[in-house]
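[1] Quick one, what's the 3D model for this:
(one chain, ligands or ions: 1)
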Amino acid sequence: MVEVNGIYKSFKSKKSKKIEVLKDISFEAKPGEIYGLLGPNGAGKTTSLRCIATLLKPDKGSISVNGYDTLKKSNKVRSIIGLLTSDMKLSGNLSPRELMQFFGELNHLDDSYIKTQIEKLSEYLGMNDFLDKPVQKLSTGMKQKASIAVSILHDPDVIIFDEPTNGLDILASKIVVDFLFDFKKKGKTIILSTHIMSEAEKLCDKIGIIMNGSLVENGTFDDILSKYDEERLEEVFYKLAVERGLLKNV
Ligand SMILES: Nc1ncnc2c1ncn2[C@@H]1O[C@H](COP(=O)(O)OP(=O)(O)OP(=O)(O)O)[C@@H](O)[C@H]1O
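    Numbering: from 1, shown residues only. The predicted structure follows:
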């Protein structure tokens with residue numbers, strides 16, 4: 001369970017000007033639920049996810065993960081979550097197996113547990129053919145699978161995935177989508193960001209639409225669609241963007 005309560009976050013520009021990128025963001029995601037954070041480029045999706053994952057500290061507000069406050073119990077929170085971000089780009093000579101071993105050791109996991117998880121995840125994500133190849137020789141989809149395997153090696157209860165299908169072809173995307181459904185069935189709490197509306201419609205139980213750092217909608221699809229009297233989320237998104245001056249009404 002993840003509860004985000006009224007968080008604000010600002011960064012300093014080069015001229016020391018304060019830029020507020022998150023303004024009063026609140027939402028929650030429960031076990032067995034996929035929550036999708038949607039928004040245009042620069043809206044604040046990654047910043048929100050980084051705050052939940054304890055990589056950034058909100059200026060105001062609070063976040064709890066399975067009841068643990070992300071500021072007061074950050075180590076505990078890190079042990080509960082699996083984080084996948086676009087800046088986790090894998091490179092170098094290590095193979096997926098070696099990377100999983102390395103990150104497992106870094107997280108103080110038991111060696112026999114690491115080995116069992118490597119076998120299990122490799123089978124599960126279809127990585128057997130490239131488990132021992134250097135990451136730098138892998139395709140984008142293969143690298144993404146390896147990143148996912150690394151992020152969930154410790155069998156986290158909460159999964160935070162920033163644009164998990166970014167750059168993947170339709171087949172590789174399907175593997176990621178199937179994996180997310182499977183994890184949802186296992187009762188995990190999943191929060192993901194995307195700007196692919198169709199993906200959100202297919203995957204998410206609840207969504208939050210974030211624009212210019214504010215959560216402008218938060219709820220189930222049906223609730224949001226009926227509120228705007230639309231059949232497609234895309235149309236709602238355009239309406240909201242026009243209202244906020246992000247898109248011209250043509
Ligand atoms: N470390 C930082 N320092 C200064 N500004 C930052 C920093 N990180 C993010 N920002 C700014 O915060 C805003 C929100 O960025 P964020 O990465 O959260 O957006 P996003 O919704 O994930 O966008 P995208 O879809 O393009 O990935 C942007 O204007 C970005 O330039």
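
[2] Enumerate the positions of the biggest helix by length in the chain that are buried.
    In the chain, taking DSSP state H as the definition, the longest helix is helix 170-185. Neighbour counts over helix 170-185 (16 or more other CB atoms under 10 Å) mark A172, S173, I175, V176, V177, F179, L180, F183, K184 as buried. Where you see a C-beta, it was placed from the backbone N, CA and C, and this is true even at glycine.

[3] The fourth one and Q144 touch, don't they?
    Meaning V176. Yes. Assessed by CB atoms under 8 Å, V176 is found in contact with Q144 at 7.0 Å.

[4] overlap in contacts of the two?
    Here V176 and Q144 have P164, L168 as joint contacts, going by CB atoms under 8 Å, 6 or more residues apart in numbering.

[5] Would you mind measuring from the nearest residue to K202 once chain neighbours are set aside to H154?
    Spatial nearest neighbour of K202, chain neighbours left out: V177 (6.9 Å); criterion: CB to CB, 6 or more residues apart in numbering. Applying CB to CB, to the nearest Å, the value for V177 to H154 is 22 Å.

[6] any idea how far stretch 37-44 is from the chain center?
    In terms of CA atoms, centre = their mean, to the nearest Å, the centre of stretch 37-44 is set 12 Å apart from its chain centre.

[7] so which strand or helix has the residue nearest the centre of the chain?
    Nearest to the mean C-alpha position of the chain, counting by CA atoms, centre = their mean, stands F161 at 2.1 Å. Per DSSP states H and E, F161 falls inside strand 158-162.

[8] and that strand, which strands flank it?
    When pairing is defined by DSSP bridges, strand 158-162 lines up against strand 81-84 (parallel), strand 189-194 (parallel).

[9] out of these, nearest to F221?
    Closest of the strands paired with strand 158-162 to F221 is strand 189-194, at 13.8 Å (criterion: CB to CB).

[10] Is whichever helix or strand comes after that closest one positioned near the ligand?
    Downstream of strand 189-194, the next assigned helix or strand under DSSP H and E is helix 197-203. No. Judged by CB under 6 Å from any ligand atom, helix 197-203 makes no contact with the ligand; its nearest approach is 13.2 Å.

[11] what does helix 197-203 rub up against?
    So helix 197-203 is contacted by 34, 36, 38, 165, 173, 177, 180-181, 192, 194, 207, 221, 232-234, 237 (CB under 8 Å, 6+ apart).

[12] Over to stretch 151-160?
    1-2, 31, 49, 52-53, 65-66, 79-84, 88, 100, 103-104, 107, 109, 114, 117-118, 121, 161, 180, 183, 188-192.

[13] Look up which helix or strand V216 falls in, please.
    Assigned by DSSP H and E, V216 belongs to strand 214-220.

[14] so how far is that strand off the chain centroid?
    Relative to the chain's own centre, strand 214-220 is displaced by 17 Å; criterion: CA atoms, centre = their mean.

[15] tell me what it is packed against?
    With contacts taken as 3 or more CB pairs under 8 Å, 6 or more residues apart in numbering; DSSP states H and E, strand 214-220 sits against strand 18-29, strand 206-211, helix 233-243.

[16] one more time with 6 Å, if that's ok
    Applying 3 or more CB pairs under 6 Å, 6 or more residues apart in numbering; DSSP states H and E, one finds that strand 214-220 makes contact with strand 18-29, strand 206-211.
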